[in-house]
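**Student:** Okay, structure incoming, though there's no sequence with it:
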């Protein structure tokens, strides 16, 4: 800048300073956009994993439901035939535990919004939180 008049040199320095500042702002905006994109991509991958996990949990829950339904049906049928007290207690324990298992299945299915919507309006069977035997032992 040896041959440039002082007024032009001052103007050029001002333009260079302005362009440098704008470049720094653009670089900062680019870094922020890249960081936001990384965060967004990470959240998208996390959501995909959670959706996959919810689908697997729903599948397992349905399989357990298929296990508990015949047990509860068999208990209901056997209650009509069993007359001794010990057998009736055993059936009650079996029924309570199968109902607890079925309630756990409902809880797992409720984690999936699509499943929860499908269960809307269906009354939940009573939950028996007492562990083990009906006589409390």
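**Tutor:** It's in. If you're wondering where the values come from, they're calculated on a predicted model, not measured in any experiment.
**Student:** For the rest of this, base every contact and every neighbour count on C-alpha atoms.
**Tutor:** Will do.
**Student:** Please state the offset of the helix or strand containing residue 86 from the chain centre?
**Tutor:** Assessed by DSSP states H and E, residue 86 sits inside helix 85-110. Computed by Cα atoms, centre = their mean, to the nearest Å, the chain-centroid distance of helix 85-110 equals 26 Å.
**Student:** ok, now stretch 29-40?
**Tutor:** Worked out by Cα atoms, centre = their mean, stretch 29-40 lies 26 Å from the chain centre.
**Student:** average pLDDT across it?
**Tutor:** Mean per-residue pLDDT for stretch 29-40: 95.
**Student:** circling back: pLDDT on the helix holding residue 86, on average?
**Tutor:** Mean predicted confidence for helix 85-110 is 92.
**Student:** buried sites along it?
**Tutor:** 88-89, 91-106, 108-110 (16 or more other Cα atoms under 10 Å).
**Student:** The longest helix along the chain to helix 85-110, inter-axis angle?
**Tutor:** Longest helix of the chain, by residue count under DSSP state H: helix 6-81. Per axes from the mean of the first three to the mean of the last three Cα atoms, to 10 degrees, the angle that helix 6-81 makes with helix 85-110 is 160 degrees.
**Student:** Report the separation between residue 81 and residue 91.
**Tutor:** Using Cα to Cα, to the nearest Å, residue 81 is found at 11 Å from residue 91.
**Student:** swap in residue 60?
**Tutor:** Following Cα to Cα, the distance that separates residue 60 from residue 91 is 26 Å.
**Student:** residues contacting the one residue sitting closest to the centre of the chain?
**Tutor:** Centroid check for the chain by Cα atoms, centre = their mean gives residue 50 as the closest residue, at 5.3 Å. Residue 50 makes contact with no residue, according to Cα atoms under 8 Å, 6 or more residues apart in numbering.
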